[in-house]
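**Student:** let's see this in three dimensions:
(one chain, ligands or ions: 1)
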Amino acid sequence: MKNKNSDIIFCTSCVESNQRFVSSISHEDSKNKKRSTTSINNENKCFACRYYEKKIKINWKKREEDLGKLCDKFRSKDGSYDILIPGSGGKDSVWVSHIMKNKYNMNPLTITWAPHMYTDIGWKNYKSWVDSGFDNYLLTPNPKVHRILTRLAFKNLLHPFQPFAMGQTYLPVQIALEKKIKFIIYGDAQAEKCGDDNLWNEGASLNPKIFTYDKLEDLFFGGVNYNDLGKHGISKYDIKPYLPIQKNEFKKFEIHTAVLPYYMKYNPQDNFYLAKEKTNFQTNSQRTDGTYSKYSSIDDKMDDLHHYTWFIKTGRGRCTEDACLEIRNKIITREEGISLVKKYDGEFPKTYINDILKYLNLDMKEFENIIDSFRPKHLWKKENGAWSLKKPIWEA
Ligand SMILES: [Zn+2]
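**Tutor:** Purely as a prediction, here's the structure:
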């Protein structure tokens, strides 16, 4: 989980730094692998800001027509599901599902991998999304198994979200195979958020590398090899929902994957208004810990810890992520972004900390020791018993 870059460089257009991890393959041995980080070029522009420069020139009308042609290829004539849409009920899932159903006349099955711990608002939003007119497949993984995996991922990798991310990535493909649905579309906008790497083909589709594997003994879960899961009380049946697809199985039934932000202009604020209009999407009455926003990633109590661990490992947290997206979409300026980051980034996940500790079966001291053991030396200093960033953006 270590970082490849020890020199911290900030993008001069947004508030991103070259410390941000890009998407990785969850089932690899990430404990012993240095993670790739986003590239900032010689002109100090991050990948996503460069993408936005290209985005202005994109012919969206043509892209939307391309999506229409793609849908024509898969649209069912007998009422069976013709597209699978993974989502949580958040603003981006409302966007993608309504567009595919109402603009492109597809017959979607929406699919949800349940959060660790639904927030009240997350559950309400999930319900109103489905109520707005969709068939939905909700899989709640065995909570006993999920807790063990989450605890392992937190202790070994400081990545408590990894088991969730695995389910979220692999389940749609497992279900697509089972139900013989050949088209999966995601609302996720990786290119817009510096998720640059070879796992996304030109921002359009997900590389099969991310959800296929060769041999079971090559797989890792929370830093533990497949063959050692038994020592942690997890059987070969327990782990099934978390498994990627065996390469040869995948080849037998080819699935087309796509991301909607490649075909239609993505704007987080527009998606928020659409979600409000279509599903009565609710936001938190208070801002989320670690940021100023009230409407992104609010369905899982574990989300706040997830973003906090990002901050520990990369020095840039949830506020950086939110501000970057809003700067690129010209909702706020870079200067406003910097002062928001100074104010909120890396805030302790105080709202749900008791639920989180209980879930992970840790006391506060153990929790803090694990957190501190993952602070990279090039990012953090400790003075008079207090940790601070060596090079925060407001001092860069
Ligand atoms: Zn940038």
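**Student:** residues touching the helix or strand that contains residue 278, excluding its own?
**Tutor:** Applying DSSP states H and E as the criterion places residue 278 in helix 268-279. Helix 268-279 is contacted from outside by 89-92, 94-95, 98, 125, 128-129, 131-132, 187, 281, 283, 295-296, 325-326, 329, 331, using C-beta atoms under 8 Å, 6 or more residues apart in numbering. Just so you know, the C-beta spots here come from the backbone N, C-alpha and C atoms, and that holds for glycine as well.
**Student:** list the buried residues in that helix.
**Tutor:** Neighbour-count burial for helix 268-279 flags 268, 271, 272, 274, 275, 278, 279 (criterion: 16 or more other C-beta atoms under 10 Å).
**Student:** just stretch 248-262 next, same as before
**Tutor:** Neighbour-count burial for stretch 248-262, counted by 16+ other C-beta under 10 Å, picks out 250, 255, 257, 258, 259, 260, 261, 262.
**Student:** how many neighbours does residue 390 have?
**Tutor:** Under the neighbour criterion other C-beta atoms under 10 Å, residue 390 is assigned a count of 13.
**Student:** repeat that for the one 5 residues further on.
**Tutor:** For residue 395, the count of nearby residues is 8 (other C-beta under 10 Å).
**Student:** over to residue 175?
**Tutor:** Residue 175 has 18 neighbouring residues, counting by other C-beta under 10 Å.
**Student:** who does the helix or strand hosting it touch, helix- and strand-wise?
**Tutor:** Assigned by DSSP H and E, residue 175 belongs to helix 162-179. Under the contact criterion of 3 or more C-beta pairs under 8 Å, 6 or more residues apart in numbering; DSSP states H and E, helix 162-179 touches strand 83-86, strand 108-113, strand 135-139, helix 143-157, strand 183-186, strand 220-221, strand 245-246, helix 247-252.
**Student:** mind checking the ones you listed for the one nearest to residue 374?
**Tutor:** Proximity to residue 374 (C-beta to C-beta) singles out helix 143-157 among the helices and strands packed on helix 162-179, at 8.5 Å.
**Student:** give the other helices and strands that the closest one contacts.
**Tutor:** Judged by 3+ C-beta pairs under 8 Å, 6+ apart, the packing partners of helix 143-157 are helix 162-179, strand 220-221, helix 353-360.
**Student:** the ion contacts on the stretch 1-150 of the chain?
**Tutor:** 11, 13, 14, 16, 46, 49 (C-beta under 5 Å from the ion).
**Student:** what residues are up against the closest residue to the last one other than its chain neighbours?
**Tutor:** Leaving aside its sequence neighbours, residue 49 sits nearest to residue 13 (C-beta to C-beta, 6 or more residues apart in numbering; 4.2 Å). Listed by C-beta under 8 Å, 6+ apart, the contact set of residue 13 reads 45, 46, 49, 327, 328, 334.
**Student:** residue 13: what secondary structure?
**Tutor:** coil (DSSP: H, G, I helix; E, B strand; the rest coil).
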